[in-house]
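# no sequence on this one, just coordinates:
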């Protein structure tokens, strides 16, 4: 997820976790964003939520696709605004608002979540330049709330 705080972000974040998905929060430390491809692949990210208000992040993603950088697992990019061109040809793109009002597939089954299940991953390239994830469980998150 690369989004500013908004109602759409809250809906996506909550819905993703209720559906058993695990959000991965990405940030890049390299000006060209080349570490993002490593993180997307290491965390096997399938859906990327992008906020077009984050112009730097969108520019980095556009540049990566212009340079034909491959992500193995990425299948969908959901945007809160204007959609960038699809250079890879294998990634579907949609506005977040369209996604939120579209019907869910019939085969969707919500999993039973346990306190020890992963709640989210926070990624950074750290000091090594390689993807590193900090993993939080539902229990850690819920006990940290006031």
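Nice, thanks for sending it over. The structure displayed is predicted, hence computed values, not measured ones.
# Kindly check the end-to-end length of stretch 103-114 for me.
27 Å (CA to CA, to the nearest Å).
# in that stretch, what's buried?
By neighbour count on 16 or more other CB atoms under 10 Å, the buried set for stretch 103-114 is empty. In short, each C-beta sits where N, CA and C put it, glycine included.
# Contacts for it next, please.
Residues outside stretch 103-114 that contact it (CB atoms under 8 Å, 6 or more residues apart in numbering): 17-20, 138.
# mind putting those residues in TSV, neighbour count, pLDDT and distance to residue 76 included?
Shown next, in TSV, are the contacts of stretch 103-114 (neighbours: other CB atoms under 10 Å; pLDDT from 0 to 100; distance: CB to CB, whole Å):
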residue	neighbour count	pLDDT	distance to residue 76
17	18	75	17
18	11	73	18
19	12	75	14
20	13	76	16
138	16	80	24
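# The residues you listed in helices, which ones?
17-18, 138 (DSSP state H).
# so which of the residues you listed comes closest to residue 123?
Top of the list for closeness to residue 123, among these and by CB to CB, is residue 17 at 16.9 Å.
# can you tell me how far the closest one sits from residue 37?
25 Å (CB to CB, to the nearest Å).
# Any stretches of this structure with poor pLDDT?
1-5, 27-34, 51-72, 80-95, 124-131, 145-146 (pLDDT under 70).
# Could I get the full set of helices for it?
Counting by DSSP H, the helices of the chain are 7-18, 34-42, 55-66, 96-101, 138-143.
# Can you tell me which of these is packed in deepest?
helix 34-42 (a mean of 20; mean count of other CB atoms under 10 Å).
# helices or strands next to it in the packing?
On a contact count with 3 or more CB pairs under 8 Å, 6 or more residues apart in numbering; DSSP states H and E, helix 34-42 meets helix 55-66.
# want to throw the helices of the chain into a markdown table with distance to residue 24?
Converted to a markdown table, those look like this (distance: least, CB to CB, whole Å):
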| stretch | distance to residue 24 |
| --- | --- |
| helix 7-18 | 10 |
| helix 34-42 | 8 |
| helix 55-66 | 14 |
| helix 96-101 | 17 |
| helix 138-143 | 15 |
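# Out of those, which is closest to residue 75?
Between the helices of the chain, helix 34-42 lies closest to residue 75; by CB to CB that is 11.1 Å.
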